[in-house]
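K.L.:
what would the 3D arrangement of this be:
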Amino acid sequence: MAAILARGGRLDVAIKTIVYTTVCLDDVPSEPSDFFPLSVHYQERFSAAGRTSGGFFKREGKTRDHEVLICRLIDRPLRPTMPKGFYHETQILSWVLSYDGLHSPDSLAVTAAGIAVALSEVPMSKAIAGVRVGLVGDKYIVNPTTKEMEHSELDLLLAGTDSAILMIEGYSNFIPEEKLLRAVEVGQDAVRAICNEVEALVKKCGKPKMLDAIKLPPPELYEHVEEIAGDEIVKVLHIRNKIPRRKALSSLEEKVLNILTEKGFVSNDSKLRSSSETIVEVLEDEEEDEEVIVDGEVDEGDVHIKLTSHKPALLFSEVDVKLVFKEVTSKFWRKRIVEGGKRSDGRTPDQIRPINSRCGLLPRAHGSALFTRGETQSLAVVTLGDKQMAQRIDGLDGDDELKRFYLQYSFPPSCVGEVGRIGAPSRREIGHGMLAERSLERILPSENDFPYTIRVESTITESNGSSSMASVCGGILALQDAGVPIKCSIAGIAMGMVLDTKEFGGDGTPLILSDIVGSEDASGDMDFKVAGNEDGITAFQMDIKVGGITLPIMRKALQQARDGRKHILEAMTNCSPPPANRLSKYAPLIHIMKVKPDRVNLIIGSGGKKIKSIIEESGVEAIDADDNGTVKIFAKDLPSLERSKAIISSLAMVPTIGDIYRNCEIKSIASYGVFVEIAPGREGLCHISELSSGWLPKAEDVFKVGDRIDVKLIEINEKGQLRLSHRALLPDTNPDNSNVKQSTGELADDTETSSKSPEKSKDNSSTPKITSSSKRSSEDDSVLPSKKFVRRLVNSSQDKPLTNKEKTKKSSNKAAGSVSVNDESTLVSGEA
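P.N.:
Numbers count the residues shown, from 1 in each chain. All right, here's what the predicted structure looks like:
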């Protein structure tokens, strides 16, 4: 398989997982900018696992969140390898065509993209590759299977070249820094081996690189900008606040552009690119007599095109001027930090910005916190709910995953004082939200200890760097304010780096910066986010803008990040007002019940009808019943919770033969008896022969719906249906009968439980157990005691029971439908 028309293609296979990746370039360069025009699209096709999407639309459409995260994994290590000045739009497409369920395709997709770009004309500096590293016990595993990852305390995705690390991302269970560094070292060894093979492949199959497409601003423009604005840039960089500094730099940039335009150095043609080659000048007629013609003149009307012997004045595009101004500003910013040791806001390299935090700002929210660090602020809100609030994820593994915890990050344009697009979350918002979510996931209680679904929203109300780590700090405070019993508190910090390069007379020694701001992220060489506490790390993410970093640099950054987290955690303890650490009165109440697994179907009912009726009748929010017998009730108030508990308890109750239930309501009447509710939602049949000590032609002649009677449980059939007796509790009933189990056949198949729930009254003190011996008839499944009873035929057209002729005379003056005899008699059983 090959992409014949694509600039580069790669089909990577790991066992039976296959990822197909292509790279294409636009023939015409786009307008110059300060970033490489790269777009990445990654898609997992359900056919790769032999499935079809479970949604209404069966065709893959919108990129799902976890696919967005993998797009970012592919994008981030590629950008540092691209040269400045290459503006041909590049698109990488990656599809998972086959998935074996054991080997995750994400690291494979990173490697496939790196190989495809290396084989194409894109002038990348070095080949890259990606691997996953897990830690099971003390063993580091490269590209572990999904089964092995279930037992791993570390999930590390690493990408790099044969000599440096370009990107790491992952999460862990509070592992110490040294263990993480060891995992990075193991992953780097694996990446190096792959890159060596890729370089060999490129030598054989690679296409020539488009080096001539790299267009950089001329060096003379840098000199002009520094000459015009160098001193003023240094002064502006001393402004500590973000907005005034940004406005001053914007004004200074406009000034530089105007001066160069007045001097005739700027052309309105944005496509103009200066070079050291001979320049064709366009001159007006009025300048013609002042020029010295060397090789002659070509008359083109009002315009004369001449080749001059002297070096012409350079023309710069407006885009070039703006790009160079940014680079010059970045140069002076870096110089100030390297030489003076002071940052834009006056801090030292390891100093943290001032921290302020508050909890309980939103009275109706279940939990809320406002975390402020310098000019970055996060408003975190926690909402607790039932299982229906869980986020459903449809993936290749087949079983839809239900996430009981998720964090949603929002970055509105107002947080940076700008006007911008409002709509679906951007890829950046999805990525930052997932990083904060993974940071907090390890400190949450188990579902058994805290069965709520937890949603955290982090809205950035002000931003000047490290907003994702502010979401971690705000999120932990909001969880505490909502009463979530977290295992411990954590904090997040973003680390930066500036290399002391030869440009400043240095030798490349890194200067690590703690708690970076936006300008330090944009102009620096690294953005390394680390979350955890003083004992270990829960999540991390590193991106760089240089050719890669080494393990010693990472070690120094991690150690400095640990000190920073400790400082932030101490500052968070001064939160005022502090977290409530208790459930809000507006949070849903929850009650967990354990019932026998075989009673779950009774609670759910056919097609969920019973559980829906319980929710409607009791007024609770939701009821979750698991196959293992765990029942969770979510309610807004205590009365509705108690009502649902009573109904479910009665349904889950295991009745015992001989139990007596008093003051029970008759729910319905049939030709063969009455249905009596012995407990909320639990009914049994009291056969017409068990309603009276005498013979009763019709039940409705004596009883009506709503009447209350006392009954005794005399039988439970194999379907779990209950057989009751009112006659057994009547005063004139033979007391010997209290220990006799009677049966007249199976209950009717259409017996249903009621959804109404009057209060149950059960006298446990008078519930004798049946101990008498009996034998079962093979013909009518009845139990025959020592005294024989003749039952009324419930399906007979006669109102009198069928008896022998000898018994008819004895019973002619009796009103009872059952006659006690001492001699041997025949048992006649009717159908119920």
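K.L.:
who does G492 bridge with?
P.N.:
A531 (DSSP bridges).
K.L.:
same thing with the one 5 residues further on?
P.N.:
Here M497 sits in beta bridges with I512, M526, as judged by DSSP bridges.
K.L.:
wait, isn't it in contact with I549?
P.N.:
Yes: here M497 lies in contact with I549, judged by Cβ atoms under 8 Å, at a distance of 7.4 Å. Yep, even glycine has a C-beta here, placed from its N, CA and C like the rest.
K.L.:
can you give me the helices in the stretch 351-500 of the chain?
P.N.:
For the stretch 351-500 of the chain, applying DSSP state H, counting those that start in this stretch gives helices covering 427-441, 467-481.
K.L.:
which helix of the chain spans the most residues?
P.N.:
Longest helix of the chain, by residue count under DSSP state H: helix 177-205.
K.L.:
tell me, how many residues neighbour S692?
P.N.:
S692: 18 surrounding residues under other Cβ atoms under 10 Å.
K.L.:
if I look at it, how far off is C686?
P.N.:
Note on S692: its distance to C686, by Cβ to Cβ, to the nearest Å, is 10 Å.
K.L.:
what is in contact with those two at once?
P.N.:
Common neighbours of S692 and C686 (criterion: Cβ atoms under 8 Å, 6 or more residues apart in numbering): H726.
K.L.:
and stretch 433-453, end to end?
P.N.:
One end of stretch 433-453 sits 17 Å from the other (Cα to Cα, to the nearest Å).
K.L.:
ok, now stretch 575-594?
P.N.:
OK, stretch 575-594 end separation, Cα to Cα: 39 Å.
K.L.:
next one: R599 from G720, what distance?
P.N.:
9 Å.
K.L.:
of the two, which one has the most company?
P.N.:
Using other Cβ under 10 Å as the criterion, R599 and G720 rank with R599 on top: 18 against 13.
K.L.:
where does the nearest residue to that one once chain neighbours are set aside fall, phi/psi-wise?
P.N.:
The shortest distance from R599 to any non-neighbouring residue, by Cβ to Cβ, 6 or more residues apart in numbering, is to A652 (4.5 Å). The phi and psi values for A652, taken as degrees, to the nearest 10, are phi -90, psi -10.
K.L.:
do the same with N717
P.N.:
phi -80, psi 180.
K.L.:
I'd say it and R723 touch.
P.N.:
Yes: assessed by Cβ under 8 Å, N717 is found in contact with R723 at 7.0 Å.
K.L.:
more neighbours, those two?
P.N.:
A direct count of neighbours by other Cβ under 10 Å for N717 and R723 places R723 higher, at 26 against 14.
K.L.:
beta partners for the more buried one?
P.N.:
Beta-bridge partners, per DSSP bridges, of R723: L685, E715.
K.L.:
quick one on the thing from earlier: tell me what the longest helix of the chain is packed against?
P.N.:
helix 105-119, strand 129-136, strand 139-142, strand 154-160, strand 165-175, strand 537-544, helix 551-572 (3 or more Cβ pairs under 8 Å, 6 or more residues apart in numbering; DSSP states H and E).
K.L.:
and among those, the most buried is which?
P.N.:
Mean neighbour count (mean count of other Cβ atoms under 10 Å) peaks for helix 105-119 among the helices and strands packed on helix 177-205, with a mean of 26.
K.L.:
tell me the angle of that one relative to strand 154-160?
P.N.:
0 degrees (axes from the mean of the first three to the mean of the last three Cα atoms, to 10 degrees).
K.L.:
next one: helix 105-119 to chain centre, how far?
P.N.:
The chain centroid and the centroid of helix 105-119 are separated by 25 Å under Cα atoms, centre = their mean, to the nearest Å.
K.L.:
what does stretch 530-547 give?
P.N.:
Here the centre of stretch 530-547 is set off from its chain's centre by 20 Å, with Cα atoms, centre = their mean.
K.L.:
quick one: end-to-end length of that stretch, please.
P.N.:
Using Cα to Cα, one end of stretch 530-547 lies 21 Å from the other.
K.L.:
avg pLDDT for it?
P.N.:
Stretch 530-547 shows a mean pLDDT of 93.
K.L.:
likewise for stretch 494-502?
P.N.:
86.
K.L.:
export that stretch as PDB, just CAs?
P.N.:
This file holds the C-alpha atoms of stretch 494-502, laid out as PDB (Å, rounded to 0.1, in the frame of the first residue of the first chain):
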ATOM      1  CA  ALA A 494       4.900  25.500  34.500                       C
ATOM      2  CA  MET A 495       8.600  25.700  34.000                       C
ATOM      3  CA  GLY A 496      10.500  27.500  31.300                       C
ATOM      4  CA  MET A 497      14.100  27.700  30.000                       C
ATOM      5  CA  VAL A 498      16.400  30.100  28.300                       C
ATOM      6  CA  LEU A 499      19.700  28.900  26.800                       C
ATOM      7  CA  ASP A 500      22.700  31.100  27.300                       C
ATOM      8  CA  THR A 501      23.800  30.900  23.700                       C
ATOM      9  CA  LYS A 502      26.900  32.200  21.900                       C
END
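K.L.:
buried residues, that stretch. List them.
P.N.:
The neighbour-count check on stretch 494-502 (16 or more other Cβ atoms under 10 Å) flags A494, M495, G496, M497, V498, L499, D500 as buried.
K.L.:
touching, the last one and I512? I think so.
P.N.:
Meaning D500. No: assessed by Cβ under 8 Å, D500 is found out of contact with I512, at 11.5 Å.
K.L.:
related to what we said a few turns ago, max pairwise distance over the buried residues of stretch 494-502: which two?
P.N.:
The distance between the two most remote of those (Cβ to Cβ) is 20.7 Å, for A494 and D500.
K.L.:
in the helix or strand where I603 lies, what's buried?
P.N.:
Using DSSP states H and E, I603 falls within helix 600-604. Of the residues in helix 600-604, V600, L602, I603, I604 count as buried by neighbour count, 16+ other Cβ under 10 Å.
K.L.:
where does pLDDT dip in this protein?
P.N.:
1-14, 55, 268-314, 398-399, 502-507, 732-832 (pLDDT under 70).
K.L.:
quick check, central residue of it?
P.N.:
Compute the mean C-alpha point of the chain, and by Cα atoms, centre = their mean the closest residue is Y406, 4.4 Å away.
K.L.:
chain neighbours aside, what residue packs nearest to that one?
P.N.:
Using Cβ to Cβ, 6+ apart, the closest residue to Y406 is Q391 (5.0 Å).
K.L.:
what do you get for A183?
P.N.:
Leaving aside its chain neighbours, A183 sits nearest to V133 (4.7 Å; criterion: Cβ to Cβ, 6+ apart).
K.L.:
wait, what's in contact with that neighbour?
P.N.:
Each residue near V133 by Cβ under 8 Å, 6+ apart is listed here: Y140, I141, V142, P144, L154, L156, L158, A183, V184, V186, G187, A190.
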